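Asker: Mind looking at a prediction? Sequence and model below.
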Amino acid sequence: MSEPILEVRGLQVSIADKPEIHIVKGVDLTVGRGEVHALMGPNGSGKSTLASTIAGSPSYSVDAGQILFKGEDVTEWSADKRARNGLFLSFQYPTPIPGVTMVNLLRAALQARRGQEVPAREFLVELRSTLGQLKMDESFARRYVNDGFSGGEKKRAEILQLGMLKPDLAILDETDSGLDVDALRTVAEGVNALRTAEMGILLITHYERILNYIQPDFVHVLVNGRIVRSGDASLAKQIETTGYDPILQELGLSREKEEAAAR
Amino acid sequence: MTTNIQAREAVGEYKWGFHDEEQPLFIAEKGLNEDVIRGMSKMKGEPEWMLEQRLEALATFRQLHDPTWAGSPELLQAIDFDNIHYYVRATDRDATKWEDVPEYIKDTFDKLGIPEAERQFLAGAGAQYDSEVVYHNIREDLKKQGVVFLGMDQGLAEHEDLVREYFGTVVPAGDNRYAALNSAVWSGGSFIYVPKGVRVEIPLQAYFRINTENMGQFERTLIIADEDSYVHYVEGCTAPIYSTDSLHSAVVEIVIKKGARVRYTTIQNWSNNVYNLVTKRAYAYENAVMEWVDGNLGSKLTMKYPSVYLMGEGAHGEILSLAFAGNGQHQDAGGKIVHVAPNTSSAIVSKSVSRGNGRTSYRGLLKVYEGAENASSTVRCDALLLDELSRSDTYPTMEVDEERVQIGHEASVSKLGEDQLFYLMARGIPEEEAAKMVVNGFVEPIVKELPMEYAIELNRLIELQMEGSVG
């Protein structure tokens, strides 16, 4: 087992404004350097909440448990501090920020991550090389962040940020959602191009589609706020064939009930 | 001194709040009456007709009332016209070299970076200190081409015929109460004439500084752009922080002849004890273009609606208005476009940001007269609220008396989103910096219209206003 980057221990999470709504109900998960973990599960199982909580979203509150990142307890850290320390969340629904260019965002983020001024020339060299790796046009960087982007462009913009910031852990929250086959392949190839042996990846997905392009080392199935199955890539193949129903039935649950409960 | 400190705490960080202790050369007794006006007119050595116009305007002022539609009538009523110095003269000359400006005044403008800016990127600069213009200079090559850039008083002395022909024709004294007041006690401001076909490619700038407590600054600016000429005029304003209020009530008149273009940019950054009640209007004739870029930060109450009257066929008017209201401030800003002639076009873009109990109002008028066929206009106003206490209102008025027109109007109010903040923070950017980025992005469509030096300055001013706004 490689050195752990992320260790989630007994994590329980509720909505900050509605503490009576418990979404994550005791999750343990360890991601090591160089490993790809796929977190799968039906709609409403708590996947995105878990991702956002690990990234430090103020919309959720941790009721119990711990999040350790590179050996440090970051449960109480603000999102920006976690990010500067090397944690990256690729958003399922990236927010438009009109008037702020991708270049401005990337430079501010990179300077925050490195804790020092990044000279303009050095920054441009890195930006061009990352854009090249992702086969993206330079004009993309001059557009306003996520403003008027297509679904595919939004996800590629996330991967561009991932490439620039070179995090220790990348959480990809439904990076495949809303993409057609070609866009999915482009994004997945981008992730593969940027992967390093040092980086851990937590890939959150509803469908196994993306796993045809990014091979997971481990697969976990989240149901009703708990991880109910863990295994290797074959678990994803099994879900591809049979869907979630057999797992739910084994647990005495039905998808309808789960999805209704999540609402 | 204590009161000044308290005032400073109340308004937060304001870098330009210092004042000079130096005694002015002449300071009129507080209060508004014929003697004050006769006294200042005599001291200026004005022609008789100007004194008569002033006295008529005073009578008009006394007959007029505050507008019934005012958004903060209680603030207007609090203005004590008897407790204002209407004329404060710091020096007896309008210098054309900074060396000739009295040392303590030069120090002030040095602190504000004006001589430096003139050296670096201006075609000409002017500086007004309280009531009088203390410095005016224009590049020699422009002077040779016949461009005139003077203090208004000097303009009246040297170009009396032009001033007499146009003064008060775009904004008559009876237009509104504060225009009447300005017409009665005006002092300083700029006089600009650009001859036919001359294009002044880099900006002329005037800087207005109030120093004296309980002072009224009433500058009067007249710009005449002759056929096919171009000029970009920029004004900036600051004042010290006092515990009592000052009044700034300017009138700006612009005449743009056939095929000419004028751009007028304001970066106003008054301290929070200044009432800023200004009337600005341009007449654009055939195929002429008028552009107002109006940045309103600071002040206690601003009421300012730059307007363009599209008088000749094919004329175009644009108003870009930006307002930032912090604690205890009301920015009532917007614009007025009047389509008089056919085939005229216009656009208004307004962006406002409010914070704390600050309040912004967009107030706009779009008027299309019968016969202004094929007039087209778009109005877009967006407001951003930074917290639960802040407030924004929109008062758009449209009066359209012509059927063949194209008019579009869009408005939005948004709150500084948790989503946007979290997105930026998830990239490692600290919360306060993230909030500044969102706000700077929101105002970007207006800031990008400014010359780079001013764009940087404006972003910096907004960032100062945002200090401590988060957490």
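Answerer: Now that the structure is in, tell me what you want to look at.

Asker: residues from the stretch 301-450 of chain B in reach of chain A?
Answerer: B:417-420, B:422-431, B:433-434, B:437-438, B:440-445 (C-beta under 8 Å from any C-beta of the partner chain). The C-beta positions use only the backbone N, C-alpha and C, and glycine is treated the same way.

Asker: Pull out the buried residues from these.
Answerer: B:420, B:422-431, B:433-434, B:437-438, B:440-445 (16 or more other C-beta atoms under 10 Å in any protein chain shown).

Asker: Near chain B, which residues of the stretch 1-150 of chain A are found?
Answerer: Listed as neighbours of chain B in the stretch 1-150 of chain A under the rule C-beta under 8 Å from any C-beta: A:55-59, A:78-80, A:83-84, A:88-89, A:91, A:94-95, A:97-100, A:104-105, A:108-109, A:112-113, A:144.

Asker: Show me the residues of the stretch 301-450 of chain B next to chain A that map onto strands.
Answerer: Among these, no member falls in strands (criterion: DSSP state E).

Asker: how about the strands in chain A?
Answerer: Applying DSSP E to chain A gives strands spanning A:4-15, A:22-32, A:36-40, A:60-69, A:72-73, A:87-90, A:97-101, A:144-145, A:169-173, A:200-205, A:218-223, A:226-231.

Asker: deepest of those strands, which one?
Answerer: When you average the neighbours per residue for each of these (mean count of other C-beta atoms under 10 Å in any protein chain shown), strand A:87-90 leads with a mean of 27.

Asker: Would you mind pulling the contact partners of that one?
Answerer: A:6, A:51-52, A:54-55, A:69, A:74, A:83, A:155, A:158-159, A:161-162, A:165, A:167-173, A:175, B:426 (C-beta atoms under 8 Å, 6 or more residues apart in numbering or on different chains).

Asker: For the chain, which segments are assigned as helices?
Answerer: Here I'm looking at chain A. Listed in chain order, the helices of chain A (DSSP state H) span A:47-55, A:79-84, A:102-114, A:120-133, A:151-165, A:181-194, A:233-242, A:245-250, A:255-262.

Asker: should've been chain B
Answerer: Along chain B, counting by DSSP H, helices occupy B:2-11, B:34-44, B:48-63, B:73-77, B:103-111, B:114-121, B:140-144, B:152-158, B:160-166, B:177-185, B:418-425, B:431-447, B:452-466.

Asker: So which of those helices is nearest B:Met215?
Answerer: Ranking the helices of chain B by distance to B:Met215, with C-beta to C-beta as the measure, places helix B:177-185 first at 11.6 Å.

Asker: how far is that closest one from where the chain is centred?
Answerer: Chain-centre distance of helix B:177-185: 16 Å, with C-alpha atoms, centre = their mean, to the nearest Å.

Asker: what's the answer for stretch A:238-245, then?
Answerer: 22 Å.

Asker: and what of stretch B:255-263?
Answerer: From the chain centre to the centre of stretch B:255-263 is a distance of 19 Å (C-alpha atoms, centre = their mean).

Asker: And that stretch, what's buried?
Answerer: Result for stretch B:255-263 [16+ other C-beta under 10 Å]: buried residues B:Val255, B:Ile256, B:Lys257, B:Lys258, B:Gly259, B:Ala260, B:Arg261, B:Val262, B:Arg263.

Asker: where in chain A is pLDDT low?
Answerer: Residue ranges of chain A with pLDDT under 70: A:1, A:255-263.

Asker: What residue in it comes nearest to chain B?
Answerer: Proximity of chain A to chain B (C-beta to the nearest C-beta) peaks at A:Gly99, 2.9 Å away.

Asker: Could I get the contacting residues of that residue?
Answerer: A:Tyr144, B:Asn440, B:Gly441, B:Phe442, B:Val443, B:Glu444, B:Pro445.

Asker: Any idea what the first one is bridged to?
Answerer: Taking DSSP bridges, one obtains A:Thr101 as the residues bridged to A:Tyr144.

Asker: isn't it right next to A:Ile97, touching?
Answerer: Yes: between A:Tyr144 and A:Ile97 there is a contact under C-beta atoms under 8 Å: 6.8 Å.

Asker: Between these two, which contacts overlap?
Answerer: B:Gly441.

Asker: Which of the contacts of A:Gly99 sits closest to B:Leu181?
Answerer: B:Val443 (31.5 Å).

Asker: wouldn't the closest one be in contact with B:Val353 here?
Answerer: Yes: using C-beta under 8 Å, B:Val443 is in contact with B:Val353, at 7.0 Å.

Asker: what is in contact with those two at once?
Answerer: Common neighbours of B:Val443 and B:Val353 (C-beta under 8 Å, 6+ apart) are B:Ile462.

Asker: any idea how far chain A is from B:Lys143?
Answerer: 39 Å (C-beta to the nearest C-beta, to the nearest Å).

Asker: What is the burial count for that residue?
Answerer: Neighbours of B:Lys143 under the rule other C-beta atoms under 10 Å in any protein chain shown: 13.

Asker: and it, what pLDDT?
Answerer: Listed pLDDT for B:Lys143 reads 92.

Asker: That one and B:Leu450, how far apart?
Answerer: 26 Å (C-beta to C-beta, to the nearest Å).

Asker: what does A:Arg195 give?
Answerer: With C-beta to C-beta as the criterion, A:Arg195 and B:Leu450 are 43 Å apart.

Asker: More neighbours: which of these two?
Answerer: Ranked by neighbour count (other C-beta under 10 Å), A:Arg195 and B:Leu450 place B:Leu450 first, with 21 against 16.

Asker: surely that one meets B:Arg263?
Answerer: No: using C-beta under 8 Å, B:Leu450 is not in contact with B:Arg263; the gap is 10.1 Å.

Asker: dump the residue contacts of B:Gly197.
Answerer: If a contact means C-beta under 8 Å, 6+ apart, then B:Gly197 has B:Asp226, B:Glu227, B:Asp228, B:Ser229 as its contacts.

Asker: TSV for those residues, including distance to B:Glu402, neighbour count and pLDDT?
Answerer: Shown next, in TSV, are those (distance: C-beta to C-beta, whole Å; neighbours: other C-beta atoms under 10 Å in any protein chain shown; pLDDT from 0 to 100):
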residue	distance to B:Glu402	neighbour count	pLDDT
B:Asp226	30	18	98
B:Glu227	27	17	98
B:Asp228	28	18	98
B:Ser229	30	24	98
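
Asker: And those residues, which two are furthest apart?
Answerer: Across the contacts of B:Gly197 (C-beta to C-beta), the longest gap, 7.8 Å, separates B:Asp226 and B:Asp228.

Asker: any shared contact partners between those two?
Answerer: With C-beta under 8 Å, 6+ apart, B:Asp226 and B:Asp228 have common neighbours B:Lys196, B:Gly197, B:Ala260.

Asker: closest to chain A among those residues?
Answerer: For the shared contacts of B:Asp226 and B:Asp228, the nearest to chain A is B:Ala260 (31.6 Å; C-beta to the nearest C-beta).

Asker: how close does the closest one get to B:Gly197?
Answerer: The value you get for B:Ala260 to B:Gly197, if C-beta to C-beta is used, is 9 Å.

Asker: shared neighbours of the two, which are they?
Answerer: Joint contacts of B:Ala260 and B:Gly197 (C-beta under 8 Å, 6+ apart) are B:Asp226, B:Glu227, B:Asp228, B:Ser229.

Asker: tell me the contacts of the second one?
Answerer: Listed by C-beta under 8 Å, 6+ apart, the contact partners of B:Glu227 are B:Lys196, B:Gly197, B:Lys257, B:Lys258, B:Gly259, B:Ala260.

Asker: mind checking pLDDT for the fifth one?
Answerer: Pointing back at B:Gly259 there. Note on B:Gly259: pLDDT of 98.
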